[in-house]
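*Asks:* Sequence and computational prediction follow.
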Amino acid sequence: MKDGGRLAAAIEVLTEVETRHRPVQIALRDWGAAHRFAGSGDRTAIGNLVFDALRNKASLAAAVEDGTPRSLILATYALTWEKGVAALAEALAQDQHAPDALTDEEQGRLAAPGNGVPAEHAQADVPEWLWPGFQSVFGDRAVEEGRALAQRAPVDLRTNTLKSDREKLLKRLAHTGAQATALSPVGMRIEAKPGSGRVPHVQAEEGYRKGWFELQDEASQLAALLAQAKPGEQVLDYCAGGGGKTLALAAAMQNKGQLYAYDADRLRLAPIHERLQRAGARNIQVRDPASTNLEDLVGQMDLVFMDAPCTGTGVWRRRPDSKWRLAEKALADRIEDQRHVLENASRYVKPGGRLVYVTCSVLPAENEDQAEWFLETTPDFKPVSALEAWKAVLPKAPEPRYVTERGDLLMTPASTGTDGFFVAIFERSH
């Protein structure tokens, strides 16, 4: 396919996402199934166009004064990808499968984008109703943080220290461009490629098949490290999902002690079994919510790790369509879910044990406000500084920019180069 056909396909997919409110991955998959002639390079370019248009939807719409799928895709090509108006006009003219040629009005707006100064939320590509929350946590850095959440995310890998070490893996993965991560001592990163570029398919690597590494964002790796799970402890991963942090905790425990993996949604838990086998993690007991309960664990755990259900505002780089689907009711529902899960998870912590509360959100309503609520309503827990844990496990790393008076910390793309993750730690006093 030529670029004109790719642009037409991207407009078609984005229209499907916008008008039928379909998840972008499903819309792209269905388009590919219906257009078998499109090669992998074509599908990558089309997907990149659609994802970048969603990442920068508000700022592009403000720049060209039009938020239709056609305008967003054309602006992505000309402005975000820096192809320019001339190259866009040529791509439209040279392909019979391309969209209609540029109108004079479109050409003028693309040639001189943004005559006025867009509102800050549009500059930051943050939904307007969420902007006060961003300002309350980020202050005068709110636009910078929003812009960072609108960039492409790298591919991050975690060395499985049960089977390998990072230096060996970096040599084996040199052809992928993998480099050591700046903060995680077991992380590796493959930077995102611009434009229509594609990153290597690391799941096809021998090291992935043999369990030498896992895909896991650096912030997620750091959250697991901050929990400081130790060999021989009794640990519960209460919202285990697909098991990424479960595996990181198992590696920290060196396969010693007992680690329980649980999730109320058994479908989310389903992928964990194959991952455990591949990783060689032998100290994990998966608790299926349909056939068992956790009553035997009440008051027994040295550590309960809780990656709470949340809005996912911290992972907008990877799921940009969720940014524009998020509604106020969904936030209210997540806050209620988090309190329910916090209450339940805290039951399993023994006196002197720790509860680690983690979200992939940057919103204070899901983060420090929830930590405050938990401490007010659960007097047998006291706060433990996540910042001090950071200093202990990452002695050479710079301290995070966003830290509360209690020591709760927030990682963000702009400040730590990671996804947005919040970590608070509590200890049961009696």
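*Replies:* Cool, got the structure. Numbers count the residues shown, from 1 in each chain.

*Asks:* Let's verify residue 310: helix, strand, or coil?
*Replies:* Secondary structure of residue 310, reduced to three states by DSSP: H, G, I helix; E, B strand; the rest coil: coil.

*Asks:* quick one, phi/psi of residue 307?
*Replies:* When quoted as degrees, to the nearest 10, the phi and psi of residue 307 stand at phi -90, psi 90.

*Asks:* Also residue 304?
*Replies:* Dihedral angles of residue 304 (phi, psi; degrees, to the nearest 10) stand at phi -120, psi 120.

*Asks:* Use 59 as the first number from now on
*Replies:* New numbering, starting at 59: the last item is residue 362.

*Asks:* For beta bridges, what are the partners of it?
*Replies:* The partner list for residue 362 in beta bridges (DSSP bridges) reads residue 294, residue 413.

*Asks:* For residue 86, which non-adjacent residue is closest in space?
*Replies:* Leaving aside its sequence neighbours, residue 86 sits nearest to residue 105 (C-beta to C-beta, 6 or more residues apart in numbering; 5.3 Å). C-beta here means a position set from N, CA and C on the backbone, and glycine is covered the same way.

*Asks:* distance of that neighbour from residue 96?
*Replies:* Note on residue 105: its distance to residue 96, by C-beta to C-beta, to the nearest Å, is 11 Å.

*Asks:* What about residue 360, how many residues nearby?
*Replies:* For residue 360, the neighbour count with other C-beta atoms under 10 Å is 18.

*Asks:* Contacts only, for it.
*Replies:* Shown here is residue 360, whose contacts under the criterion C-beta atoms under 8 Å, 6 or more residues apart in numbering are 288, 291, 292, 293, 408, 411, 412.

*Asks:* Repeat that for residue 301.
*Replies:* For residue 301, the contact set (C-beta under 8 Å, 6+ apart) comprises 319, 327, 329, 330, 333, 334.

*Asks:* Can I get these in TSV including secondary structure?
*Replies:* As requested, these are arranged in TSV below (three-state DSSP):
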residue	secondary structure
319	strand
327	helix
329	coil
330	helix
333	helix
334	helix
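
*Asks:* and which of those residues is nearest residue 304?
*Replies:* Distance ranking of the contacts of residue 301 against residue 304, using C-beta to C-beta, places residue 319 first at 4.7 Å.

*Asks:* what bridges to that closest one?
*Replies:* On the basis of DSSP bridges, residue 319 takes part in beta bridges with residue 295, residue 344.

*Asks:* Could you measure from it over to residue 349?
*Replies:* If you measure residue 319 against residue 349 using C-beta to C-beta, the figure is 14 Å.

*Asks:* Check residue 278 too.
*Replies:* Separation of residue 278 from residue 349 (C-beta to C-beta) stands at 28 Å.
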